[in-house]
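Engineer: Provided below for reference: sequence and predicted model.
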4 protein chains.
Amino acid sequence: MRLPNYIDNFASWKADFSFFTTIDVRFAETDAFGHVNNSVAFLYFEQVRLQFFEACGLMEDWTRDRAVHMIVTGDLQCDYFRQMKYGDTLEVGVKVARIGSSSIELHYVCVHEEELCFTGRGRVVQVERENGKPSPLDEESLNRLTSR
Amino acid sequence: MRLPNYIDNFASWKADFSFFTTIDVRFAETDAFGHVNNSVAFLYFEQVRLQFFEACGLMEDWTRDRAVHMIVTGDLQCDYFRQMKYGDTLEVGVKVARIGSSSIELHYVCVHEEELCFTGRGRVVQVERENGKPSPLDEESLNRLTSR
Amino acid sequence: MRLPNYIDNFASWKADFSFFTTIDVRFAETDAFGHVNNSVAFLYFEQVRLQFFEACGLMEDWTRDRAVHMIVTGDLQCDYFRQMKYGDTLEVGVKVARIGSSSIELHYVCVHEEELCFTGRGRVVQVERENGKPSPLDEESLNRLTSR
Amino acid sequence: MRLPNYIDNFASWKADFSFFTTIDVRFAETDAFGHVNNSVAFLYFEQVRLQFFEACGLMEDWTRDRAVHMIVTGDLQCDYFRQMKYGDTLEVGVKVARIGSSSIELHYVCVHEEELCFTGRGRVVQVERENGKPSPLDEESLNRLTSR
């Protein structure tokens, strides 16, 4: 297996995930090639990412009425290893790879019955809603992210 | 052809459409049955509906910063006559069927090379963003809608 | 509450549902109006519908390799009663309203914390994959559908 | 501007694109943050990618009935530079970056009124439908890809 450049040692990289969500592939997520369309992996990324942020108590600050901040995506990357099909029950994991002043780099993994479906990574940035400028994460947010 | 109850005479109903948009089916809109997934018809409805509202000069009022109003969907209905496939170029039409004080009933039609793919209808309601309460359309909006 | 024409008495209509699935609204399912986009209701319809067909043992026959039959959508209808938001946990129900020789009419309901979000109905038709012609449901399938 | 690692010199990299498609942002592609959801960029990738393959005469071989081959996604990467909104008209470009025996690496760019929205890259692999094994592109396909 050729590893993407954001993974040094697969076994230890994989062992480091502790936050997972279970996703049942929807029929509408498949395409005429009979498998899950490539774009859907990024919906799965977002689903586990936001559940993780919820668990860290961060989402509320970004989604409440008149919120000052929100998060935008800096970049995203996905490496596909196995076709996913309707009927598959997937375990999708996320972990913090690095925290910058206003950005968070996350890694992703997806397995179906012990088989690797995809790995991924990406960076989100906290910005001010008003002007889109990066805005540093406060200490409480940093604590919540690192304590998990 | 069994007609849905919102169509009396198909020929005259169809002849009444004058606002159309061209949509090329996206591969990601197909599913593992090899055709366009049923839910996608409603994306096509929305695409032609909002282009129509743009043409009437109504969208700006609903989508600008600090907009007071927006529109919500009251109901939607779609009757499918022909499977759509990747590669199909569709002509999707919309027309005003009725205007209430705060609601607009629209009808939809979709054809591919002279063949009927689907018909549809639905009602949108102008509401106040703040509380979701129906809000009457002003005279200017009504004029724009009826003058087309 | 103005009832859609496929519901006579809401209380008894609602009480008749016994098959439900839980759906957490995804952030990507919202739109710039801050709520779930109207088209997404039909993805929820499909999710509960196919889980119901799975539970009836019908999906396998339609989705396996070299399947002879598949199902297509005849029509769909949705009535919206309450805006859904990111963070909502929805209970979406489906029930058989009528069975024809090759078609099945299903009704749908969606509630969030006791509040009605949408109701719906629609007809699916079993067809031959090869030519798209309606194909009668066999007795076993009919038994499975009516025994639930 | 911090450049992604697949771009050496932005000006020459950008000048190298000659195949573009115009995409109008759909309202349903936005999310509750008011801009286009991150996952949608990959739908835009696919739209321009398949139009490019069509123009090369390659799609027909992958999508016709009883096709022997199809393409799967090896990996995908997107770098976001500017939020996209409903109403934006985007120019999305694709170009061949490298051709392997069974794989094609493509680069992507998206601009809105001269402003860069995103760049991207990704690899697709031709495989046999039956078993998912990589299958070399024939000489005709290679010629079509390189002659554009």
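Structural biologist: Good, I have the coordinates. None of these values were measured; they are calculated from a predicted model.
Engineer: Report the next helix or strand after whichever strand or helix holds A:Val72 in sequence order.
Structural biologist: Counting by DSSP states H and E, the element that carries A:Val72 is strand A:69-80. Downstream of strand A:69-80, the first helix or strand assigned by DSSP H and E is strand A:89-99.
Engineer: That next one pairs with which strands?
Structural biologist: strand A:19-24 (antiparallel), strand A:103-112 (antiparallel) (DSSP bridges).
Engineer: what's the most buried one of the ones you listed?
Structural biologist: Highest mean neighbour count of the strands paired with strand A:89-99: strand A:103-112, a mean of 21 (counted as mean count of other Cβ atoms under 10 Å in any protein chain shown). Yep, even glycine has a C-beta here, placed from its N, CA and C like the rest.
Engineer: Which strand residues bridge A:His107?
Structural biologist: A:His107 has these beta-bridge partners by DSSP bridges: A:Lys95, A:Arg121.
Engineer: quick one on the thing from earlier: closest to C:Val96 out of the strands paired with strand A:89-99?
Structural biologist: strand A:19-24 (22.2 Å; Cβ to Cβ).
Engineer: ok, back up a step: between the strand holding A:Val72 and strand A:103-112, what angle do the directions make?
Structural biologist: Here strand A:69-80 runs at an angle of 40 degrees relative to strand A:103-112 (axes from the mean of the first three to the mean of the last three Cα atoms, to 10 degrees).
Engineer: Please render the strands paired with strand A:89-99 as CSV that adds mean pLDDT to the earlier fields.
Structural biologist: As requested, the strands paired with strand A:89-99 are exported to CSV (pLDDT from 0 to 100):
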stretch, mean pLDDT
strand A:19-24, 98
strand A:103-112, 98
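Engineer: now could you export just the CA positions of the helix ranked longest in chain A as CSV?
Structural biologist: Longest helix of chain A, by residue count under DSSP state H: helix A:40-55. Output in CSV follows, covering the C-alpha atoms of helix A:40-55 (Å, rounded to 0.1, in the frame of the first residue of the first chain):
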residue,chain,number,x,y,z
VAL,A,40,-19.2,12.0,-0.7
ALA,A,41,-16.1,11.3,1.3
PHE,A,42,-15.9,15.0,2.0
LEU,A,43,-19.4,14.9,3.4
TYR,A,44,-18.3,12.1,5.7
PHE,A,45,-15.2,14.2,6.7
GLU,A,46,-17.6,17.0,7.6
GLN,A,47,-20.0,14.8,9.5
VAL,A,48,-17.3,13.4,11.8
ARG,A,49,-15.4,16.7,12.1
LEU,A,50,-18.5,18.6,13.3
GLN,A,51,-19.5,15.8,15.7
PHE,A,52,-15.9,16.1,17.1
PHE,A,53,-16.2,19.9,17.4
GLU,A,54,-19.6,19.4,19.1
ALA,A,55,-18.0,16.9,21.5
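Engineer: which other residues reach the helix or strand following it?
Structural biologist: Downstream of helix A:40-55, the next assigned helix or strand under DSSP H and E is helix A:59-63. Contact with helix A:59-63 is made by A:Leu50, A:Phe53, A:Ala67, A:His69, A:Met70, A:Ile71, A:Gln126, A:Ser141, C:Tyr86, C:Gly87, D:Ala32, as judged by Cβ atoms under 8 Å, 6 or more residues apart in numbering or on different chains.
Engineer: Just name whatever secondary elements the longest helix of chain A is in contact with.
Structural biologist: The contact analysis (3 or more Cβ pairs under 8 Å, 6 or more residues apart in numbering or on different chains; DSSP states H and E) places helix A:40-55 against strand A:19-24, helix A:59-63, strand A:69-80, strand A:89-99, strand A:103-112, strand A:115-128.
Engineer: buried stuff in the shortest one?
Structural biologist: It refers to helix A:59-63. Buried residues in helix A:59-63, defined by neighbour count with 16 or more other Cβ atoms under 10 Å in any protein chain shown: A:Met59, A:Asp61, A:Trp62, A:Thr63.
Engineer: hey, C-alpha coordinates of that helix in PDB?
Structural biologist: What follows is helix A:59-63, C-alpha atoms only, in PDB (Å, rounded to 0.1, in the frame of the first residue of the first chain):
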ATOM      1  CA  MET A  59     -19.800  24.200  17.500                       C
ATOM      2  CA  GLU A  60     -22.200  26.200  19.600                       C
ATOM      3  CA  ASP A  61     -19.900  29.300  19.400                       C
ATOM      4  CA  TRP A  62     -19.900  29.000  15.600                       C
ATOM      5  CA  THR A  63     -23.500  28.200  14.800                       C
END
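Engineer: about what we covered before: for the strand holding A:Val72, packing partners?
Structural biologist: Against strand A:69-80 (3+ Cβ pairs under 8 Å, 6+ apart) you get helix A:40-55, helix A:59-63, strand A:115-128, strand D:69-80.
Engineer: For chain A, identify the residue most remote from the centre.
Structural biologist: Here chain A reaches farthest from its C-alpha mean at A:Ala32, the gap being 26.1 Å by Cα atoms, centre = their mean.
Engineer: Report the secondary structure state of that residue.
Structural biologist: At A:Ala32 the chain is in coil, as set by DSSP: H, G, I helix; E, B strand; the rest coil.
Engineer: Can you give me the distance of it to A:Val96?
Structural biologist: Counting by Cβ to Cβ, to the nearest Å, the gap from A:Ala32 to A:Val96 is 37 Å.
Engineer: before we move on, the earlier item: hang on, the residue farthest from the centre of chain A packs against B:Tyr86?
Structural biologist: Yes. Judged on Cβ atoms under 8 Å, A:Ala32 makes contact with B:Tyr86 at a distance of 5.8 Å.
Engineer: Thanks a lot, catch you later.
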